Each structure stands twice: as C-alpha cells, then as structure tokens.
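A.B. asks: Sequence and predicted model, in that order:
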Amino acid sequence: MHLNLNDEQRMLARTARDFADRHSPIARLRASRYAHEASDADRAVWARYAELGWTALHLPEEAGGLGLGYMDLGVVLEALGRNLNADALVTSHVLGAELLLRTVGAAEAAPLLEPLAAGTGWLAVAHDERAARGRRLHVTARLDEASGAPVLTGDKLDVIGAIDAEYLIVSARLAGGATDAPAGLRLCLVRRDAAGVQVTPLTRIDGRRVANVRFERAPVERVLAGDDAAAAALGQAMDRATAALCAQMLGAAQHAFEITTSYLKTRVQFGVPIGSFQALQHRASKLFVEIELARTATLAALAAIDADHAEQSAWISAAKAACNDTLMHVCHEGIQMHGGVGVTDEYDIGLFLKRAHADRVLLGDTAWHQRRWATLRGY
C-alpha cells in the first residue's frame with residue numbers, strides 16, 4: 001500500500017486546513033457547545049462543505065457523490081479534527097451511508113444519499129444502547145412484525161446527528177432473539193418525525209450535539225437487512241467510520257501538540273522560556289514520535305480500505321488503538337505542561353482533553369481494538 005499523499009491530496013489538505021482555520025475555528029465550538037440545535041453559522045459552514053465537495057467525496061457517483069477514496073476523505077477530516085469540528089461527517093456521511101450501500105446498494109439508496117452528497121440532508125444511525133460497550137451486536141430494541149406492518153420499540157443512546165436527521169437507521173431484534181447474535185438482528189429505516197419516535201436533545205462534554213431516542217411502536221419505513229447480512233453490514237460500516245474517526249483524532253492530536261509547544265516557547269519562568277528545559281523537550285519529542293506513529297497507522301487503515309485489502313479490519317483496529325492512546329497522552333501532557341492554567345476553560349487544551357475522552361470510547365476503546373487485532377492476527 002502507498003502511504004504518501006499525492007499532489008492532489010496535499011492540495012486538498014491545505015485547502016481544508018485553511019478553510020477550517022478561517023471558518024471553523026475552536027471559537028465556533030466554544031460558541032455552540034451548549035446549544036441543542038445548529039446555529040445559522042453552523043449551517044452556513046456546512047453549506048460551504050457541500051460547495052467544496054467534502055460531503056460527497058467518498059460517495060459513489062451513481063448516488064450523487066464524487067467517487068473518491070477514503071484517503072481523500074481522511075485528509076479533510078484530519079483538517080477539520082484540528083479544530084474539534086463537531087459536525088457529524090463521520091456518523092452521517094460515513095456510517096449511515098455505508099450501511100445503506102451495503103444493504104440496499106447505490107441505486108436503491110440514491111434518494112437518501114443524494115441529499116447527503118449535496119449537503120442538504122442528514123442521516124443518523126441509532127445503534128448504541130445501555131450495557132453495549134465493547135459488544136457491537138448488543139441490541140435489545142424489538143421489531144414486531146406480527147401485525148403485518150413492522151413497528152419498533154426500544155431506546156437508543158447518544159445518537160449523533162439525530163436532532164437534524166430526516167431518517168434514522170436503527171438496529172433492532174425480532175422478539176425472542178439473543179441480544180448479541182446475528183440471528184434475529186435487523187437494520188430498519190425509520191423517519192425521525194414518525195409517530196412513536198421521541199428525540200431528547202443532549203449536549204455531551206466534548207461539545208457534540210447528540211440525542212437519546214425512544215421508539216414506542218414506531219412504524220418502520222423499510223427493513224434494510226437481517227441476520228448475518230445485517231451483522232456484516234454493521235461491522236463493515238463501523239470499520240469505515242472508525243478509520244474516518246481516526247483521521248479526525250489525528251488532526252486533534254496534532255493541533256493539541258502545536259498548542260502545547262507554542263506555550264512552551266512563550267511561557268517564561270526563571271527568566272527563560274520553559275521550552276528550554278531539557279525535561280520538557282524530551283517529553284515533547286516523545287509526543288512528536290507518537291503522533292507520527294499514529295499517522296502511519298491511520299494512513300495505512302485508509303489506504304487498506306481504498307485497496308480493499310484483505311486485512312483492512314486489522315489495520316483499522318491498529319489505527320484506532322494507536323489514536324486512542326496518542327490523543328489521550330498528548331492532551332494529558334498538554335495539560336501538565338500548561339501547569340495549573342491548563343485545566344481552566346480559558347485555555348483550549350482542556351477542550352482537546354474532553355474530545356479525547358469522548359473519542360476514545362466511540363466505535364471501540366483501546367482494549368476492544370487490541371483484542372480484535374490480536375484475534376484477527378491469530379494470537
């Protein structure tokens with residue numbers, strides 16, 4: 001696999017970074033982190049994403065996309081991750097889109113994917129439930145097909161994008177099915193405004209807008225897939241969303257490191273910048289090496305997806321485990337090197353630490369991905 005960016009990808013990365021610094025800085029997250037709904041400024045930035053083609057990058061051309069690869073999407077997500085961009089590109093445009101593509105195909109999914117590509121639509125995936133951490137197929141929501149028209153009952157937690165989505169892809173089980181097995185699993189398409197769907201907006205510690213969603217015999221528009229096919233589609237879509245999330249985490253780690261090194265150069269103690277202290281130089285050097293290792297793992301995961309590599313799942317798990325630990329370590333060290341002021345809300349480094357805590361459990365924590373990597377490698 002080729003892990004170096006080509007000229008077009010480097011240009012895309014520069015464009016994305018310049019745009020993010022100008023139109024989507026940390027200040028935008030600060031201004032909107034306690035709001036349950038997107039502001040006019042948020043919607044304006046999202047519209048610019050669509051104009052630049054970022055909402056269509058990886059989607060197939062027959063569904064209104066550009067048909068490019070995950071490496072291209074990754075360089076954009078890394079640039080947006082630098083400023084802790086809270087938009088749901090990963091969950092709506094990767095996880096949701098991949099579930100549709102892998103269950104009904106591009107042609108049938110086009111009516112839902114074309115608004116995603118144009119930046120005018122949202123799609124949310126409602127899968128996580130209580131006690132589901134580390135158990136990807138743990139689903140207790142129930143699908144009742146006995147009456148002819150299927151209806152859904154259950155609770156889903158922390159659904160990113162649910163507040164703005166028109167449709168939800170919801171995991172459920174037929175009555176009597178085991179809670180962690182492919183048998184009986186169903187992926188359902190449900191309108192967000194359907195009867196029996198209750199959306200409760202929440203704001204997470206890292207500034208993301210999420211919602212808890214309760215279904216009370218909510219009508220299902222369509223059952224997309226079931227049993228082994230549903231489990232396979234869910235696993236493949238979550239893999240791609242994980243790789244995309246790694247790119248965002250890599251951008252956050254890089255920017256947190258830059259914030260910290262800038263502070264080391266300007267904070268004066270005992271008459272000299274604290275960055276002149278050899279102990280802090282050694283700690284910063286170690287962070288630099290860890291970020292580059294995480295970068296290599298992330299690029300390998302993205303390239304493996306584009307190449308449809310047989311071992312792409314192992315690469316993706318290696319990348320997520322690396323990014324989890326790297327982002328957390330960079331943020332912890334950043335707080336330490338800032339001294340007491342690092343824990344105050346005035347300094348941006350604290351926002352990065354909150355995002356690190358949220359992202360390290362999203363789509364699998366380090367222990368889960370390490371176990372998975374070991375299993376896939378035959379250990």
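C.D. replies: In hand now; what should we look at? Numbering: from 1, shown residues only.

A.B. asks: from here on, contacts and neighbour counts on C-alpha atoms
C.D. replies: Noted.

A.B. asks: buried stuff in stretch 205-217?
C.D. replies: 206-215, 217 (16 or more other C-alpha atoms under 10 Å).

A.B. asks: Quick check: the farthest pair among the residues you listed?
C.D. replies: Spatial extent of the buried residues of stretch 205-217 (C-alpha to C-alpha) is set by the pair 206 and 217 at 32.3 Å.

A.B. asks: So which helix or strand of this structure has the lowest pLDDT on average?
C.D. replies: Lowest by mean pLDDT, DSSP states H and E among the helices and strands of the chain is helix 26-32, with a mean of 82.

A.B. asks: ok, residues contacting it?
C.D. replies: Residues from elsewhere that reach helix 26-32, judged by C-alpha atoms under 8 Å, 6 or more residues apart in numbering: 38-39, 83-86, 207, 348.

A.B. asks: switch to 6 Å and redo it
C.D. replies: Residues from elsewhere that reach helix 26-32, judged by C-alpha atoms under 6 Å, 6 or more residues apart in numbering: residue 83.

A.B. asks: Ok, stretch 112-125 next?
C.D. replies: 50, 55-56, 63-65, 92, 96, 161-162, 165, 167-169.

A.B. asks: same deal with stretch 214-232?
C.D. replies: Applying C-alpha under 6 Å, 6+ apart, the contact partners of stretch 214-232 are 103, 150-155, 182-190, 195-198.

A.B. asks: Kindly report the same for stretch 83-92.
C.D. replies: Contact with stretch 83-92 is made by 25-26, 123-124, 208, 241, as judged by C-alpha under 6 Å, 6+ apart.

A.B. asks: Same question for stretch 242-262.
C.D. replies: Contacts for stretch 242-262 (C-alpha under 6 Å, 6+ apart): 74, 77-79, 81-82, 316, 320, 327, 334.

A.B. asks: Show me the helices in the chain, by range?
C.D. replies: Taking DSSP state H, the helices of the chain run over residues 7-23, 26-32, 40-52, 70-81, 97-103, 105-118, 227-266, 278-306, 312-338, 349-359, 366-376.

A.B. asks: Quick one, which of those gets closest to residue 135.
C.D. replies: The closest of the helices of the chain to residue 135 is helix 366-376. By C-alpha to C-alpha, the value is 9.1 Å.

A.B. asks: Residue 59 and residue 131, how far apart?
C.D. replies: 33 Å (C-alpha to C-alpha, to the nearest Å).

A.B. asks: neighbour-wise, which of these two wins?
C.D. replies: Comparing residue 59 with residue 131 by other C-alpha atoms under 10 Å, the one with more neighbours is residue 59, at 26 against 9.

A.B. asks: quick one, domains of this structure?
C.D. replies: Split into domains by automatic domain parsing, the chain comes to 7-120, 124-226, 230-376.

A.B. asks: distance between the ends of the shortest one?
C.D. replies: Terminal residues of domain 124-226 are spaced 19 Å apart (C-alpha to C-alpha).

A.B. asks: now residue 64, nearest residue through space, not along the chain?
C.D. replies: Among residues not flanking residue 64 along the chain, residue 114 sits closest, at 5.0 Å (C-alpha to C-alpha, 6 or more residues apart in numbering).

A.B. asks: how many other residues sit next to the one you found?
C.D. replies: Residue 114: 20 surrounding residues under other C-alpha under 10 Å.

A.B. asks: hang on, the earlier thing: next, format the contacts of stretch 112-125 as CSV and append distance to residue 31 and neighbour count.
C.D. replies: Below are the contacts of stretch 112-125 laid out as CSV (distance: C-alpha to C-alpha, whole Å; neighbours: other C-alpha atoms under 10 Å):
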residue, distance to residue 31, neighbour count
50, 22, 17
55, 23, 26
56, 27, 27
63, 34, 23
64, 33, 19
65, 31, 22
92, 23, 24
96, 27, 26
161, 18, 23
162, 21, 26
165, 22, 17
167, 27, 21
168, 27, 25
169, 30, 25
